[in-house]
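Enquirer: Kindly generate the corresponding structure for this input.
(2 chains)
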Amino acid sequence: MSKAEHKARAEAAAAEAAQIERPLVERAQAGDRAALRELLGRHADALFAQVILPRVGERATAEDILKATMVTAIEKLDTFSWQGRSIYFWLRQIAANKVIDHHRKNQRGRRLADALKNEAEVQAPPGPGPEASLIAAEERRLNGERIAQTMAKINPRYRRAIEMRLVEERSREECADALEVSVGTFDVLLFRAVRAFRKSFGER
Amino acid sequence: MTDDKTSKTPPGETEPITDDERRAADALAAALDGREAAMSDDDGAVVEMALMIRASHHEAELGAVRRDALLDAAFSEVDSARAETPASSSSQAQQQQQQQQQQATATVTDLASAREARAAKRVSAMRRAGPLLAMAAALVIVIGALLTMSVSDRWAPARHAAGPTVAKNTPALQRVLSRPSDDLLGRPIARRERAAASARLDRVFADRMAGYRQLRLARSTP
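Expert: Next up is the predicted model:
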């Protein structure tokens, strides 16, 4: 997609979001709980799959953070002011902050939290219909970019182990065969690879 | 290929595999397979990173059921929080407002009290100055009186004798109509004798009444 096409689709998505979401926001801020529920429900999947889970890894933790995001959004809805783009960005910022807080709770997660905090904001506006693919694509791009930058810094053998097992989702046995080691040895290799990745991740 | 559990340096590695690494690697493998395993905090951090890497490349679905359940839980949590602590939250807000008001009031009160203190000082100073000024004024008056009395004493005529005196060259009618106390009329009273002014008035009046009675008797006598 060219830049012009991207821009046109983004503008169309913004207009669509204004037409559909703005009345919902106004009703929700006026106390309409059904409107608020619809607003949060429209963006819950994207927040979970594209913002929270890729940054915490574990599904149960991601669900807890999503719920905390919803609670904060319900409590702070009065602070949101319509500025021509979807409420998704406001929700996304809340979710990102919750993720950073989650990592900061542990001493081991502070560097990771700082690295996540420095990530660029998603620019493409989301939309309820086909334009939702824009935001999904943009989020995947961001997530992939985050990983790729760190992958380039680690040992190639480690990088290969991570790519096969975590990105390509091959079985342990397939990965061990490809690296010509035993399965047990591959498990240790993968552990070392991810440990090296994690160490390099906070150094971006 | 069978698993090799013996400590060995893997190909391409320089460090042999330790027992801790084997335990951590087994925990990672279990987590990636969706199984739970005991692990240390450091091992848990590695597992978390592995899951993040995987999630970044594979979009998971929340599902409508989980979405609705999370929405219900979120609204329920907010409602519970508002129901449990409406007074405390409002009282906290009130306390914050009161603290802010007290701070503002304290500031205003401090200013007002400072102004009042200065005003009180001015009033007390004026009060103390009043007597001082009165004393000074009295002193000035006394000094002036002393100076005036000395001057008036120089210009005052001789003190009056007890008895009246009548001018010898006055005609008979005048002698009849005039009274001995006429000499007192118009004569200045010395300041040291100012208390006798009323006595002079009484004397003049009594003398005039006596003269009136004499005239009445003279007219009535055949």
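
Enquirer: Run a quick neighbour tally on the residue of chain B found nearest chain A.
Expert: Closest to chain A within chain B is residue B:51: 2.6 Å, counting by Cβ to the nearest Cβ. Using the backbone N, CA and C atoms, a C-beta is placed for each residue, glycine as well. For residue B:51, the count of nearby residues is 23 (other Cβ atoms under 10 Å in any protein chain shown).

Enquirer: pLDDT averaged over the longest helix belonging to chain A - what is it?
Expert: Longest helix in chain A, counting residues (DSSP state H): helix A:3-29. For helix A:3-29, mean pLDDT rounds to 80.

Enquirer: any residue of that helix up close to chain B?
Expert: No. Helix A:3-29 is not in contact with chain B by Cβ under 8 Å from any Cβ of the partner chain; minimum separation 12.1 Å.

Enquirer: helices and strands around that helix, which ones?
Expert: Helices and strands touching helix A:3-29, by 3 or more Cβ pairs under 8 Å, 6 or more residues apart in numbering or on different chains; DSSP states H and E, are helix A:33-46, helix A:132-151.

Enquirer: Could you dump those into a markdown table with distance to chain B added?
Expert: A markdown table is the format used below for the helices and strands packed on helix A:3-29 (distance: least, Cβ to the nearest Cβ, whole Å):
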| stretch | distance to chain B |
| --- | --- |
| helix A:33-46 | 5 |
| helix A:132-151 | 4 |
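
Enquirer: Compare those helices and say which comes out lowest on pLDDT.
Expert: Lowest mean pLDDT within these: helix A:132-151, a mean of 78.

Enquirer: Now do that helix: which elements does it pack against?
Expert: When contacts are defined as 3+ Cβ pairs under 8 Å, 6+ apart, helix A:132-151 packs onto helix A:3-29, helix A:33-46, helix A:183-201, helix B:41-57.

Enquirer: And for the helix or strand following the shortest one, what's in contact with it?
Expert: When you say that, I think you mean helix A:33-46. Proceeding N to C from helix A:33-46, the next assigned helix or strand is helix A:53-56, under DSSP states H and E. Applying Cβ atoms under 8 Å, 6 or more residues apart in numbering or on different chains, the contact partners of helix A:53-56 are A:59, A:62, A:65, A:96, A:99, A:102-103, A:116, A:139, A:143, B:48, B:51-52, B:55-56, B:60.

Enquirer: Can you give me the distance of the residue of chain B closest to chain A to residue A:58?
Expert: As judged by Cβ to Cβ, to the nearest Å, residue B:51 and residue A:58 stand 5 Å apart.

Enquirer: same thing with residue A:196?
Expert: With Cβ to Cβ as the criterion, residue A:196 and residue A:58 are 21 Å apart.

Enquirer: in chain A, what residue is nearest chain B?
Expert: Closest to chain B within chain A is residue A:57: 2.6 Å, counting by Cβ to the nearest Cβ.

Enquirer: quick revisit: give the contact list for the closest residue to the residue of chain B closest to chain A other than its chain neighbours.
Expert: Nearest non-adjacent residue to residue B:51, counting by Cβ to Cβ, 6 or more residues apart in numbering or on different chains: residue A:57, 2.6 Å away. Neighbouring residues of residue A:57 by Cβ under 8 Å, 6+ apart: B:47, B:48, B:49, B:50, B:51, B:52, B:53, B:54, B:55.

Enquirer: let's go with 6 Å and repeat that
Expert: Counting by Cβ atoms under 6 Å, 6 or more residues apart in numbering or on different chains, residue A:57 touches B:48, B:51, B:52, B:55.

Enquirer: Name the nearest of those relative to residue A:154.
Expert: For the contacts of residue A:57, the closest approach to residue A:154 (Cβ to Cβ) belongs to residue B:52, at 15.0 Å.

Enquirer: re earlier: distance-wise, check the residue nearest to residue B:51 relative to residue A:174.
Expert: 22 Å.

Enquirer: quick check: domain ranges of chain B?
Expert: Domain assignment for chain B by automatic domain parsing gives B:9-60, B:172-220.

Enquirer: Could you tell me the least trusted of those?
Expert: domain B:172-220 (a mean of 73).

Enquirer: Quick check: closest non-adjacent residue to the one residue sitting closest to the centre of chain A.
Expert: Centroid-nearest residue in chain A: residue A:51, 2.0 Å away (criterion: Cα atoms, centre = their mean). Closest residue to residue A:51 apart from its sequence neighbours, by Cβ to Cβ, 6+ apart: residue A:95 at 5.0 Å.

Enquirer: That neighbour contacts residue A:49, doesn't it?
Expert: No. Using Cβ atoms under 6 Å, residue A:95 is not in contact with residue A:49; the gap is 11.4 Å.

Enquirer: And the helix or strand containing residue B:203, what's buried?
Expert: Using DSSP H and E, residue B:203 falls within helix B:197-220. Within helix B:197-220, the residues scored as buried using 16 or more other Cβ atoms under 10 Å in any protein chain shown are B:200, B:203, B:204, B:207, B:211.

Enquirer: between the helix or strand hosting residue B:24 and helix A:183-201, how many degrees?
Expert: In the assignment (DSSP H and E), residue B:24 maps to helix B:19-32. Relative orientation of helix B:19-32 versus helix A:183-201 (axes from the mean of the first three to the mean of the last three Cα atoms, to 10 degrees): 90 degrees.

Enquirer: Return the distance of residue B:188 relative to residue A:32.
Expert: From residue B:188 over to residue A:32 (counting by Cβ to Cβ), the distance is 105 Å.

Enquirer: Look at those two and report which has more neighbours.
Expert: residue A:32 (14 against 10).

Enquirer: give the contact list for the more buried one.
Expert: Counting by Cβ under 6 Å, 6+ apart, residue A:32 has no contacts.

Enquirer: And it, how close does it get to residue A:69?
Expert: Taking Cβ to Cβ, one finds residue A:32 at 20 Å from residue A:69.

Enquirer: burial measure for the closest residue to residue B:32 other than its chain neighbours, as a count.
Expert: If you skip the residues right next to it in sequence, residue B:32 has residue B:50 as its closest partner in space, 6.5 Å away by Cβ to Cβ, 6+ apart. Using other Cβ under 10 Å, residue B:50 has 25 neighbouring residues.
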